[in-house]
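# how does the following fold in three dimensions:
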Amino acid sequence: RHFDVQLIGGMVLHAGRIAEMRTGEGKTLTATSPTYLNALEGDPGVLSQAGCPVVVTPHPGEMARLTGTSVSEVQAMRAEVAAGFARRHSLVVALKGHETVVTNGRDLYVNGTGNPGMASGGTGDVLTGMVAGLLAQGLEPFGAACLAVHLHGLAGDLAAAECILDDAPQALRSLKNAGL
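This is a model prediction of the structure:
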């Protein structure tokens with residue numbers, strides 16, 4: 001079965017011809033596996049066998065498991081860890097977090113948009129979907145990941161600003177009601 005773009009739990013395959021991948025431990029990972037990146041712990045080499053461009057969007061904990069390091073090591077050397085993983089597995093990494101790092105192992109983009117409020121369940125899925133949508137429109141993987149990361153962060157910034165504007169009057173009323 002042919003897929004132009006396939007989402008698999010934190011990973012995007014572009015023009016992939018697979019509906020499942022197997023790890024060295026014989027695990028079958030399908031497009032519905034919610035913890036795909038975590039399942040690759042100890043066997044991320046399967047990513048190199050996809051037969052198509054791959055974009056992964058791990059958070060620091062997932063990247064630590066994929067690389068066999070600690071979260072603190074990933075955080076201390078975000079660009080280096082992401083670039084090394086991207087080079088070793090011939091893919092694009094968008095390492096989420098403050099100043100999300102996007103790299104294909106050669107080129108590097110550090111995002112300046114986004115805010116801490118985005119570190120909640122489901123926002124990473126939105127990012128992965130945005131990458132897939134841009135790939136489906138013909139962007140190349142590194143460019144699609146960079147644009148998606150920027151737009152995702154910008155959308156989060158705009159949502160936070162809107163929320164503040166909407167909630168400021170209520171915040172003032174609660175202070176007044178509290179006698180402050």
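# what separation is there between the spatially most central residue of the chain and residue 70?
In the chain, the centroid-proximal residue (Cα atoms, centre = their mean) is residue 57; its distance is 2.4 Å. Distance of residue 57 to residue 70, computed by Cβ to Cβ, to the nearest Å: 20 Å. Using the backbone N, CA and C atoms, a C-beta is placed for each residue, glycine as well.
# nearest residue to the residue nearest to the centre of the chain other than its sequence neighbours?
Distance criterion Cβ to Cβ, 6 or more residues apart in numbering; nearest residue to residue 57, sequence neighbours excluded, is residue 94 at 4.6 Å.
# and the gap between the one you found and residue 164?
For residue 94, the distance to residue 164 equals 27 Å [Cβ to Cβ].
# the more surrounded of these two?
For the pair residue 94 and residue 164, the greater number of neighbours falls to residue 94 (29 against 10), based on other Cβ atoms under 10 Å.
# wait, doesn't the more buried one sit right on residue 152?
No: counting by Cβ atoms under 8 Å, residue 94 does not reach residue 152; the two are 9.3 Å apart.
# what is in contact with those two at once?
The contact sets of residue 94 and residue 152 overlap at residue 127 (Cβ atoms under 8 Å, 6 or more residues apart in numbering).
# the residue nearest to residue 57: what's it in contact with?
Shown in contact with residue 94 (Cβ under 8 Å, 6+ apart): 55, 56, 57, 100, 101, 102, 127, 131, 145, 148, 149.
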